Each structure stands twice: as structure tokens, then as C-alpha cells.
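Asks: This is the structure alone, sequence omitted:
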């Protein structure tokens, strides 16, 4: 019985990145051996145990055999005869197929260290094509490691394309697509996720609403990058910089411009009304992938209202209040923060505008504070009741927003 540190812990240590999770593989052991040592079983499909002190995961070395379509179409074998090399062979990428023994010696049968040095994402074996989730994982790792210069190996991209053509991607369950997308949106360069999916052909299958944005022109004076798909990639990366690790901001950024794919050809490159056209495809995407309701709702608000955010300095006080109320920002200021981060990313996700200021954000925060300061108490004290209280509060809130604007303009 021998124990090895495997996967991300070894990879990230070699890259000089923080190690979050420590996963181990145990060679030469049976489930009863682990139980006798005090390990707690947690695996359903194959034997995985938690260490009695550290609670870190220890999995028995195993092999897998394809038995059907999709993520669950596998049969596993875990017994003392399975070698470390056989266990590593079933992993997705060479950089995730490196092990380290208890003395610190690396076991690297598939060239993972070399690929780390050469900044390459490469599949371990032809069996890679048997699990469609691996396509999403490669795209997600591309989003994580693109800032370090990692690219997908040509032969691995060919396999990804083969998986799409073979229909394996069609068997991905919505929950898994969303889970991997959500993780990708927390990475440093989410645009790489889209690029890998698009080059493989998977974007058109999994996210047709997003794939349709590529090649759609925008007005060059506002969008020097012109292509709406390129703009979306830039917005995603801007969002990752403004709100690192925030997948909600990322999802709002991802879906904010879906309406531009529906602009009539004769109106291009203008996109009048795209913020309203985008609601239907956003709802379709969110429903298909079973996106959480709070994500879908806020993304829809960003889709509908991001142009009002950009015009916030010119909006009438009553329209500003209407925007804040649509976000429920008076009660939930964190929603305004998410909304503004996505809108600022949209403004900065343009060629040559990556560092633009966004004074609209500060103004809307001031307006929100002013409106939230108005309470019902003084109006009730005056004897108002029912709808009259609400009407008086609305009037007072519009007034204080107007006063904040006047005072800010006077102070310039």
C-alpha cells in the first residue's frame, strides 16, 4: 500500500500557485484496508475516503471503461492490482496526471512536467474523447492558465472537435454545463473558455445564443473591435479584473448583449433596441442550463438596463429612481454593485477603452444612498396612510436625487 499526492496539488505546486485541495491516490489497497485504518468512505461510484485527521480525499487507484454515452457512462475497477500509471492514464490532461510520493519524488509517466514548462494543455490518452465533460474542463483550464501563456495542443483540439462531431457533447447534462461555466467565469481570463469552445464547435451546440454574436458588426466609432463576439470576450475579461472570482458579475457580462445577434441585417451596424431583444435569448439560455433564478434575474436586468447605466448622468431623477427600484437596490445595495460592475465591464470591454473611467457608477451609488435615506416615518406622522405614503416617498426620493445632482454639479 502506497500513497501519492496527485492532480491539481502537484500541478499548482510546480507552477508556484497556491495549493487549495490535496487529493491522494492509494495503490495496493482494498476498501477494508482503508476502513481498518480509520478512513471514512464517501465515494458512491468508486472508493473514495476521507483521512481521519486531515479530512483530505484519498481514492483507491482505479481504471475506467466506457459503457455508454455521457458523464455517467463508465464502469470502474478499483482493486490492489491497479497501478499508479494506470490510474494516471484515465485523467484528462498531462498536467493533471503527475503524482508525488511521500518522499517528494515526482512520478510523471505522460510528460506533464514538460507540458507545464512548455505551457501546453494536452490530453493524456485517446480515451479522453470518452467523457464529454473533459471538453468543458479543457476550456475552463484555458481560462485559468491563459494569463500564464498556456494554449491547447493541436492534437487535443482535434480531439475536442471530434467529440463535437460525434455528438458526445449532446449528452452533457445542463447542470454539469452550468457548473463548469460557473467555474470558468471565476477564472482570470474567461474569454479563453469561449475561444476553446468556439474553435472546437461546442459553443454553437451548448451556447448558440453566444455563438451567434461572432461576426456581427458594431459601429466602429463606439466599438473599434467591431465584432460583437470579440467585444463579449473583452467584456468578460474586464469583468474578471473588476470583480475577481465573481461568477455572478461574469454571467451578467456573458449575457448582456445577446440581442445584438437578433438585429435585422438592414439596421447593422447599429443595434437600436438590442437591450430588449436580448431578454428572450437570455431566458432561453438560463432555462436550458437551469441557471439559478437570482443569476437569471440580475442578468436580465443588466441586459435590459445597461444602456440606462451608461446614460445615468443624463437621466432624469425620476428615471434614476425607477432604475434603482428595478434593481431593488434600496433594500439590496449588493445588487447595485453587481449591476455596476457588469456595466463598467461593458464600457471597458472595447478596443482602446480598457482603462476608461466610469463616473456613472459613483453617481448611481450617491443617488441610491440619497433615495434610501427617505423613510415612511415622517409621512405617517403627518397622518398619511396607505398608497399616499408610497406616493409621498416616491416624490421625496425624486427630490433628494435631484438635490444630490444639483449639489454635485455646483461643486464641480
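Replies: Received the coordinates, thanks. This structure is a prediction, so every number in the text was calculated from the model and none was measured. Residues are numbered from 1 along each chain as shown.
Asks: Surely residue 306 and residue 256 touch.
Replies: Yes: contact status for residue 306 versus residue 256: in contact at 5.6 Å, counting by CB atoms under 8 Å. To be clear about C-beta, it is placed using only N, CA and C from the backbone, and glycine gets the same treatment.
Asks: Just the buried residues of stretch 196-208, please?
Replies: Going by neighbour count (16 or more other CB atoms under 10 Å), the buried part of stretch 196-208 is 196-198, 200-207.
Asks: re earlier: residues shared between the contacts of residue 306 and residue 256?
Replies: 342, 346 (CB atoms under 8 Å, 6 or more residues apart in numbering).
Asks: Same drill for these two, tell me which one is more crowded.
Replies: residue 256 (29 against 24; other CB atoms under 10 Å).
Asks: ok, and the helix or strand in the protein with the lowest average confidence?
Replies: None of the helices or strands of the chain scores lower by mean pLDDT, DSSP states H and E than strand 74-77, at a mean of 66.
Asks: next SSE after it?
Replies: Per DSSP states H and E, the first helix or strand lying C-terminal to strand 74-77 is helix 84-89.
Asks: Show residues contacting that next one.
Replies: Against helix 84-89 from outside (CB under 8 Å, 6+ apart): 2, 4, 6, 25, 27, 61-63, 97-99, 107, 109-110, 124-125, 127.
Asks: cool, stretch 257-276 as well?
Replies: 209-210, 212-213, 216-220, 226, 228, 231-232, 235, 277-279, 281-282, 285, 303-307, 346.
Asks: Of the residues you listed, keep whichever come out buried.
Replies: Buried members of the contacts of stretch 257-276, counted by 16+ other CB under 10 Å: 209-210, 212-213, 216, 218, 226, 228, 231-232, 235, 277-279, 281-282, 285, 303-307, 346.
Asks: Nearest residue to the most centrally placed residue in the chain in space, please, no chain neighbours.
Replies: Centroid-nearest residue in the chain: residue 185, 1.8 Å away (criterion: CA atoms, centre = their mean). The shortest distance from residue 185 to any non-neighbouring residue, by CB to CB, 6 or more residues apart in numbering, is to residue 250 (3.1 Å).
Asks: contact partners of the helix or strand where that neighbour lies?
Replies: Using DSSP H and E, residue 250 sits within helix 247-255. Helix 247-255 has contacts (CB under 8 Å, 6+ apart) with 182-183, 185-186, 190, 209-210, 232, 235-236, 238-240, 242-243, 278, 282, 285-286, 291, 294-295, 298-299, 302-303, 338-339, 341-342, 345-346, 349.
Asks: What about these, which are in helices?
Replies: 182-183, 209-210, 232, 235-236, 238-240, 242, 282, 285-286, 294-295, 298-299, 302-303, 338-339, 341-342, 345-346 (DSSP state H).
Asks: So which bits of the longest helix anywhere in the chain are buried?
Replies: Longest helix of the chain, by residue count under DSSP H: helix 387-410. Across helix 387-410, burial judged by 16+ other CB under 10 Å covers 389, 392-394, 396-398, 400-402, 404-405.
Asks: for the record, mean pLDDT for stretch 251-260?
Replies: Per-region confidence: stretch 251-260 scores 98 on mean pLDDT.
Asks: Could you list the buried residues of that stretch?
Replies: 251-260.
Asks: How about stretch 138-152?
Replies: Buried residues in stretch 138-152 (16+ other CB under 10 Å): 138-146, 150-152.
Asks: And stretch 241-248, by the same measure?
Replies: For stretch 241-248, a neighbour-count test (16+ other CB under 10 Å) marks 242-243, 246-248 as buried.
Asks: Would you reformat those as CSV and include distance to residue 375?
Replies: Formatted as CSV, these follow (distance: CB to CB, whole Å):
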residue, distance to residue 375
242, 32
243, 31
246, 31
247, 35
248, 29
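Asks: From those residues, pick the one nearest residue 39.
Replies: residue 247 (32.9 Å; CB to CB).
Asks: Quick one: the strands in this protein, in order.
Replies: Here the chain has its strands, by DSSP state E, at 2-6, 23-27, 40-41, 48-50, 57-60, 63-66, 74-77, 99-100, 106-107, 120-121, 151-152.
Asks: Just name the most buried of those strands.
Replies: Neighbour counts (mean count of other CB atoms under 10 Å) averaged over each of the strands of the chain peak at strand 120-121, with a mean of 23.
Asks: Surely residue 166 touches residue 130?
Replies: No: under the criterion of CB under 8 Å, residue 166 is not in contact with residue 130, lying 10.3 Å apart.
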